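1. pasted the sequence and its predicted model underneath.
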Amino acid sequence: MFNPAHPAEILKETYLEPLDISITKAAEMLGVSRKHLSRFINQHVSITPEFALRLEAFTGKSALAWLTLQMNYDLWQLKDIDLNVKAVA
């Protein structure tokens, strides 16, 4: 597996930058605060199911796809963590 991109990178590079949409304008279009969208773009918050639905309406990319991007990113970030868990079998 490769190091997956944070979903914010995809939003920024695929939708906001090519369409010249500012964070302020995108936040307004998404119905979220500028602060929240900025925190997401700067990778300080993750996609929630509600935010995924907003992104789906904004981009046409399914909410499940956005959540999957977030999950893949989160799992990659944790891949080397020692959970100290004993297997059942």
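-> That came in fine, so what should we check first?

2. burial count for E56?
-> Using other CB atoms under 10 Å, E56 has 16 other residues around it. C-betas here are computed from N, CA, C, even on glycine.

3. residue ranges with poor pLDDT in this protein?
-> Within the chain, the stretches with pLDDT under 70 are 1.

4. where exactly do the strands run in it?
-> With DSSP state E, there are no strands along the chain.

5. need the distance between the two termini of stretch 81-89.
-> End-to-end distance for stretch 81-89, by CA to CA, to the nearest Å: 21 Å.

6. repeat that for stretch 29-40.
-> Stretch 29-40 end-to-end distance (CA to CA) = 15 Å.

7. mind naming the longest helix for the chain?
-> Using DSSP state H, we find that the single longest helix of the chain is helix 63-77.

8. list the buried ones in that one?
-> Residues A63, W66, L67, L69, Q70, N72, Y73 are the ones in helix 63-77 that count as buried (16 or more other CB atoms under 10 Å).

9. L55 and P49 touch, don't they?
-> No. The pair L55 / P49 is not scored as a contact, 10.6 Å apart, by CB atoms under 8 Å.

10. which neighbours do these two have in common?
-> A63 (CB atoms under 8 Å, 6 or more residues apart in numbering).

11. how far off centre is stretch 44-56?
-> Remark: stretch 44-56 is offset 7 Å from the chain centroid, using CA atoms, centre = their mean, to the nearest Å.

12. equivalent analysis for stretch 21-36, please.
-> Centre-to-centre, stretch 21-36 and its host chain are 14 Å apart (CA atoms, centre = their mean).

13. what segments of this protein are helices?
-> Using DSSP H, helices in the chain cover 7-10, 23-30, 34-41, 49-59, 63-77.

14. for A87, which of those is the nearest?
-> Within those, the stretch nearest A87 is helix 63-77; the backing value is 18.7 Å (CB to CB).

15. what sits up against that closest one?
-> So helix 63-77 is contacted by 1, 3-7, 10, 46-47, 49, 51-53, 55-56 (CB under 8 Å, 6+ apart).

16. okay if I get the helices of the chain as TSV plus distance to A87?
-> What follows is the helices of the chain, written out as TSV (distance: least, CB to CB, whole Å):
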stretch	distance to A87
helix 7-10	32
helix 23-30	43
helix 34-41	36
helix 49-59	31
helix 63-77	19
